[in-house]
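Chemist: Return a 3D structure for these sequence lines:
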Amino acid sequence: MPVKLKIGQAGLLFILIPGLAGLIIFAVLAFLLEQAELDLQRESASKTLVAESAGLVRSLEEMHRSLKGLAKSGGSIFQDDFEKNKKAYESSLARIEAGLYSPEQKTAYIELKKASNEALKEITETQKLLATAPDDVADALNAELDRKMQALHSTLNSKEEVFSGATVAVQQSSQSQRENSRNALRNVLAIGMASNILLALIVLYFFSRTVIKRLQIMSDNTFRLASQMPLNKPIDGADEIAELDKTFHWMARQLDESAKRERAMTENAVDVICSITEEGNFREVNAAVLNVWGYTPEELLGQRYLSIVRESDRQKTTDALREARASNSALAFENGVRHKDGHFVEVLWSGTYSEKDNAIFCVAHDITEKKRIENLKRDFVNMVSHDLRTPLTSVQAFLEMVAQGIYDKSPEKIRSKAKHSEADIGRLVSMINSLLQLEKMEAGHIEIVQANTQVEDVVERSINAVESLAERTGIKLEKKVCDTVIYADEDQLIQVMVNLLSNAIKFSNKDGLVTVEAVEIDDSVEFRVIDRGRGIGADHIDKVFDRFKQVEISDSRVKGGTGLGLAVCKMLVEAHGGKIWVTSMEGEGSTFHFVIPMSKPTTVA
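Modeler: Numbers count the residues shown, from 1 in each chain. Prediction:
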């Protein structure tokens, strides 16, 4: 049954019920005590009435004796004694009459009073006669009075006994009633104590049910809220505890909604959000770690963060986290994090240390692309400063010398210098064309015109294009190709092959051998350009297809080239739906592979 009372009202009710019961018991006890007092008074009065009835008879007897003495001696002492006893008689009658309260006593008293008055009448009449009678007559009167008093004495005694018996019966009844009152008092006390105990238990039960039990539910709800467990159902009622419970449930819903919003923000965040304990272990990691680093959150929880940090960055990372804990300040640093597939992700860390949680809360932002762009900018600046400025400076110097007439008498030197300048200008034009081609392809402005193309024709035309370069360096070219038709843009594939062959020739040893292979594999053709030159180091293999990348800094100056050729090759091959890669052993040569589908058409707008 729902509680409809406020706690103050319920508490007042809990006080009033035992108080009312106590008042009832007190009233009953007061009544019983009053009855006992009345019984005691009746008992005392009964004893008095018995004594007074006996005194009544004695007073009559004393009056009789005083009258006899007065008749013999005529002394005043007997007259005084007579009057005294008469007054005592009248007082006894008055007291007896005042103390009567039972019908039996009243009936017996009437008989007793009647007999006593008859005796008093005889005594009084005799007293009057004796006052004027001579001595002989006085003796006769006293003898007559003795005879009458003797007759009345038995009557008086019997009436007095009847009255005393009625009074003793009342006394015994009072004693019995007093004993009954005493027993009733004991019973009421026992019942009162039992009732109070029972009422206390009932009050305790209802108090436990309405207050304590519900407070325990509230206490359990606080534990459940802290443990992220479902709360107990709302408490019934309209009192303060029910209102507090409603407020608590509302607060829990607000906290849950806030936590859901925070989780949604965290789980949908692009950056990795995590917390790191003082021991250096991951405590919490959001779902973004799978996309950014390749690990699931479960794989990192409890793991040491240094286990995935690039070895060269570990000391810097440790110092940054230690400084954040020591100064309780924000942290910001960069390092490399090992992706699950093995490559390193460049990361910008920011976060703060929480002394309360004894952990560092971090946001790890992937800056790999930013770093790549920065490297491209740096490489571009290097290229501009070297590959553009140096040739242009040389051409400028040559033109200045020509303008000054230095070569007027040396035509051969002019032709030689002009030839070198032409080569420099050619390299600049090639670089610019490569840059323009890359930008156009990235912007989608280069169209791949695909058609049925003979693999052997592509290889033959490519070899013819670089044959003169090979002859100048004594490089021998050989081919091993399949007789297969592919669906591709022949001119674009020739550009790829010429670029790869030119690189193979430039980086081969003098009088070396460069081999071109084309092998049919499933529904594709794999092209291979193999040289026996110095090879490519393992730390450069993943970067050779990036823009402005050379295996060594001096390659662009000694071997020529812009560092853009392989980037162009990669985009042209991928535009055909293929892929390109390199395998190499340093000191043994390199093999550039690219695969072109045989029949799957691909058009790049």
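Chemist: Could I get the full set of strands for this structure?
Modeler: Taking DSSP state E to define them, one finds strands in the chain at 272-277, 282-285, 331-338, 344-354, 359-366, 451-454, 476-481, 485-488, 513-521, 524-530, 579-585, 589-597.
Chemist: Please convert the ones you listed to a markdown table, extending it with mean pLDDT and distance to residue 61.
Modeler: Backbone N, C-alpha and C define where each C-beta goes, glycine included. Conversion of the strands of the chain to a markdown table gives the following (pLDDT from 0 to 100; distance: least, C-beta to C-beta, whole Å):
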| stretch | mean pLDDT | distance to residue 61 |
| --- | --- | --- |
| strand 272-277 | 90 | 119 |
| strand 282-285 | 90 | 118 |
| strand 331-338 | 91 | 128 |
| strand 344-354 | 91 | 116 |
| strand 359-366 | 90 | 118 |
| strand 451-454 | 91 | 171 |
| strand 476-481 | 93 | 174 |
| strand 485-488 | 92 | 165 |
| strand 513-521 | 94 | 161 |
| strand 524-530 | 95 | 160 |
| strand 579-585 | 92 | 155 |
| strand 589-597 | 94 | 160 |
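Chemist: Can you say which of those is nearest to residue 38?
Modeler: Put simply, out of the strands of the chain the one that sits nearest residue 38 is strand 344-354, at 83.7 Å, with distance taken as C-beta to C-beta.
Chemist: angle of the closest one against strand 272-277?
Modeler: For strand 344-354 against strand 272-277, the angle between stretch directions is 50 degrees (axes from the mean of the first three to the mean of the last three C-alpha atoms, to 10 degrees).
Chemist: what sits up against strand 344-354?
Modeler: Outside strand 344-354, the residues within contact range by C-beta atoms under 8 Å, 6 or more residues apart in numbering are 272, 292-293, 310, 317, 320, 324-325, 328-339, 359-368, 370-371.
Chemist: give me that answer again for 6 Å
Modeler: Contacts of strand 344-354 from elsewhere in the structure, counted by C-beta atoms under 6 Å, 6 or more residues apart in numbering, are 310, 324-325, 328, 330-334, 336-339, 360-368, 371.
Chemist: Can you point out the buried residues in that strand?
Modeler: Applying a neighbour-count criterion of 16 or more other C-beta atoms under 10 Å, the buried positions in strand 344-354 are 345-349, 351, 353.
Chemist: Could I get the residues you listed in TSV, plus columns for distance to residue 240?
Modeler: TSV is the format used below for these (distance: C-beta to C-beta, whole Å):
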residue	distance to residue 240
345	57
346	59
347	54
348	53
349	50
351	44
353	42
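Chemist: which one among those residues gets closest to residue 203?
Modeler: Nearest to residue 203 among the buried residues of strand 344-354, counting by C-beta to C-beta, is residue 353 at 54.7 Å.
Chemist: roughly how far apart are the closest one and residue 496?
Modeler: Applying C-beta to C-beta, to the nearest Å, one obtains 54 Å for the distance of residue 353 from residue 496.
Chemist: circling back: compare the strands of the chain and give me the one nearest residue 542.
Modeler: Comparison of these against residue 542 by C-beta to C-beta identifies strand 579-585 as nearest, at 9.5 Å.
Chemist: Could you list every helix and strand that the closest one packs against?
Modeler: Counting by 3 or more C-beta pairs under 6 Å, 6 or more residues apart in numbering; DSSP states H and E, the packing neighbours recorded for strand 579-585 are strand 589-597.
Chemist: so how far is the strand it packs on from its chain's centroid?
Modeler: When distances are taken as C-alpha atoms, centre = their mean, to the nearest Å, strand 589-597 is centred 59 Å away from the chain's centroid.
Chemist: How about residues contacting it?
Modeler: Defining contact as C-beta under 6 Å, 6+ apart, one finds that strand 589-597 is touched by 486, 488, 500, 524-533, 535-536, 573, 576-584.
Chemist: Of those residues, keep whichever come out buried.
Modeler: For the contacts of strand 589-597, a burial check counting by 16+ other C-beta under 10 Å picks out 486, 488, 500, 524-533, 535-536, 573, 576-578, 580, 582, 584.
Chemist: So for residue 452, what's the nearest residue that isn't a sequence neighbour?
Modeler: Using C-beta to C-beta, 6 or more residues apart in numbering and skipping residues adjacent in sequence, the residue nearest residue 452 is residue 485, 5.2 Å away.
Chemist: Output the lowest mean pLDDT helix or strand found in the chain.
Modeler: Across the helices and strands of the chain, the lowest-confidence element by mean pLDDT, DSSP states H and E is helix 555-558, at a mean of 44.
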